[in-house]
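Trainee: sequence and predicted structure are below.
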Amino acid sequence: MTVLIVDDDVDFRDMVALVLSSEGFETETAADGERALASLRRAPAPSVVFLDLRMPGLNGFEVLSAARSDAAIAAIPIVVMTGDSASVPRALAAGAVACLVKPLDADEIVAVARRFTGCPGTAAA
């Protein structure tokens, strides 16, 4: 079960990846929407995506739209990460399965990943 983390902020992306990998999740990262869609279309596809909304090039809404209109990847759960809580209703309407408002809590990141991968992870002792 791989979690794809998409954010143009390398430090934030690496932090989310570290939190998830420390709990036993495999992670992959992408710095922009184009790379995210390429990762989604590659086999095996990630089990869940954590997607930032504000990115250069294809933004998160555009990635959501492209993913939801492509039958091959439409069922992959996409969790939106945003610093703008006003964007949450629009993201959910666009097909996000959940929204996390930045700053993110490590426990919340892990709980959402477990929920959408069906994987309990391997919590560190």
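Mentor: Perfect, I can see it now. Computed from a prediction, not measured in an experiment: that's the story for all the values here.

Trainee: is the spatially most central residue of the chain bridged to anything, and to what?
Mentor: Within the chain, the residue whose C-alpha comes closest to the C-alpha centroid is Phe50; the distance, by Cα atoms, centre = their mean, is 1.0 Å. The residues paired with Phe50 through beta bridges, assigned by DSSP bridges, are Ile5, Val79.

Trainee: next one, pLDDT for it please.
Mentor: Confidence at Phe50, expressed as pLDDT, is 98.

Trainee: contact partners for it?
Mentor: 3-7, 16, 79, 81, 100, 109, 112-113 (Cβ atoms under 8 Å, 6 or more residues apart in numbering). For every residue, glycine as well, the C-beta is placed using N, CA and C.

Trainee: in stretch 57-77, which residues are buried?
Mentor: 58-64, 66-68, 73, 76-77 (16 or more other Cβ atoms under 10 Å).

Trainee: show me which of those residues is closest to Leu40.
Mentor: If you rank these by distance to Leu40 using Cβ to Cβ, Ile73 comes first, at 4.6 Å.

Trainee: skip the chain neighbours and tell me the closest residue to that closest one.
Mentor: Counting by Cβ to Cβ, 6 or more residues apart in numbering, Leu40 is the residue found nearest to Ile73 once chain neighbours are left out, at 4.6 Å.

Trainee: residues in contact with the host helix or strand of that neighbour?
Mentor: Secondary structure from DSSP states H and E places Leu40 in helix 33-41. With Cβ under 8 Å, 6+ apart as the contact definition, helix 33-41 has outside contacts at 4, 6, 28, 30, 45-46, 49, 51, 55, 57-60, 62-63, 66-67, 70, 72-73, 76.

Trainee: could you do stretch 61-77 as well?
Mentor: Around stretch 61-77, the neighbours that count as contacts under Cβ under 8 Å, 6+ apart are 6, 33, 36-37, 40-41, 45-49, 51, 53, 58, 78, 80, 90-91, 94-98, 116.

Trainee: what's the span of that stretch, first residue to last?
Mentor: According to Cα to Cα, to the nearest Å, stretch 61-77 extends 14 Å from its N-terminal end residue to its C-terminal end residue.
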